[in-house]
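Colleague: Okay, here's the prediction I keep looking at, along with the sequence it came from:
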Amino acid sequence: MTKIIEALNWRYATKSFDTSKKVSSDDLEDIIESFRLTPSSFGLEPWKLIVIENDEIKNELVNYSYNQKQVWESSHLLVFTIRTDLDDNFIDEHLNNNTKITGASRENLSGYENVMKSYFSAMNQEAKEKWAREQVFIALWIVLNTLAQKWIDSCAIGWFNPTKYDELLWLSEKNLKSVVVLPIWYRNIYDKYSKSPKVRYDKQKIVEIIK
């Protein structure tokens, strides 16, 4: 069994955590870097990761997470957000960063620019935000994968009140909206779910190979 398959078999949506342990700063930096390196459509990175260490804020967010204790037990609470300012300026920002890193001129990127601006001009705000949410779930999976390979536990939470999260974290003022919450830390050895078999279909059920 390869390391990645071993790690994926090991991971589960952890329900009880060991609050005496903390994720190290080095591991946190790797987690953040894996988020930064996530691929996205057009390479536009329509997101921001909010990393919460403050216990008071985590405790308050439990009230808006249907009292899921993982939120306040976590070593760090990761809030994946989308950008809402998905306009031409957003695309220009990306292109300027591209020229800064690659040395390409904006003139050479004009075809790429036209394709992106044409693509988004056909969308209303709701469609743009739906597109951005789809990109965020790619980032979520990259981070979950990184955590598993570091033997760090997590539990992705979609059942929370995003409006209240956005208010408490001042996200609207930053042109952001919360999408998914990810508490990270280490499992409690007494968590009964850690010993449960992984429920997945056999590969014959979910994979078709066409030769």
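Modeller: The structure has been received and is ready for your questions.
Colleague: What's the local residue count around V62?
Modeller: Neighbour count for V62, taken as other CB atoms under 10 Å: 17. C-beta coordinates here come from the backbone N, C-alpha and C atoms, glycine included.
Colleague: Assign L77 to helix, strand or coil.
Modeller: Secondary structure assignment for L77 (DSSP: H, G, I helix; E, B strand; the rest coil): strand.
Colleague: List the beta-bridge partners for it.
Modeller: Beta-bridge partners for L77, by DSSP bridges, are I52, P183.
Colleague: which residues does it contact?
Modeller: V51, I52, K58, L61, V71, V181, L182, P183, I184 (CB atoms under 8 Å, 6 or more residues apart in numbering).
Colleague: Drop anything exposed from the residues you listed.
Modeller: With burial judged by 16 or more other CB atoms under 10 Å, the buried subset of the contacts of L77 is I52, K58, L61, V71, V181, L182, P183, I184.
Colleague: Dump those into JSON lines; add pLDDT and distance to W159 as well.
Modeller: Below are the buried ones among the contacts of L77 laid out as JSON lines (pLDDT from 0 to 100; distance: CB to CB, whole Å):
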{"residue": "I52", "pLDDT": "98", "distance to W159": "18"}
{"residue": "K58", "pLDDT": "97", "distance to W159": "17"}
{"residue": "L61", "pLDDT": "98", "distance to W159": "13"}
{"residue": "V71", "pLDDT": "97", "distance to W159": "11"}
{"residue": "V181", "pLDDT": "98", "distance to W159": "9"}
{"residue": "L182", "pLDDT": "98", "distance to W159": "13"}
{"residue": "P183", "pLDDT": "98", "distance to W159": "13"}
{"residue": "I184", "pLDDT": "98", "distance to W159": "18"}
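Colleague: Among the residues you listed, which one lies nearest to K130?
Modeller: V181 (19.0 Å; CB to CB).
Colleague: I'd like to know how far the residue lying closest to that closest one once chain neighbours are set aside sits from L8.
Modeller: Nearest residue to V181 in three dimensions, chain neighbours excluded: I157, at 4.3 Å (CB to CB, 6 or more residues apart in numbering). Distance, I157 to L8, using CB to CB, to the nearest Å: 20 Å.
Colleague: Next: K69.
Modeller: 25 Å.
Colleague: do the same with N108
Modeller: In this view, N108 and L8 are 41 Å apart by CB to CB.
Colleague: Neighbour count: the two, which is higher?
Modeller: Set side by side, N108 and L8 show more neighbours around L8, with 16 against 12, by other CB under 10 Å.
Colleague: Pull the contacting residues for that one.
Modeller: N145, A148.
Colleague: Can you name the element that comes right after the lengthiest helix in the chain?
Modeller: Using DSSP state H, we find that the single longest helix of the chain is helix 125-149. Next along the chain after helix 125-149, taking DSSP states H and E as the criterion, comes strand 153-154.
Colleague: Packing partners of that following strand?
Modeller: Secondary-structure packing of strand 153-154 (3 or more CB pairs under 8 Å, 6 or more residues apart in numbering; DSSP states H and E): helix 125-149, strand 176-185.
Colleague: Let's have those in CSV, adding distance to W47.
Modeller: As requested, the helices and strands packed on strand 153-154 are exported to CSV (distance: least, CB to CB, whole Å):
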stretch, distance to W47
helix 125-149, 5
strand 176-185, 8
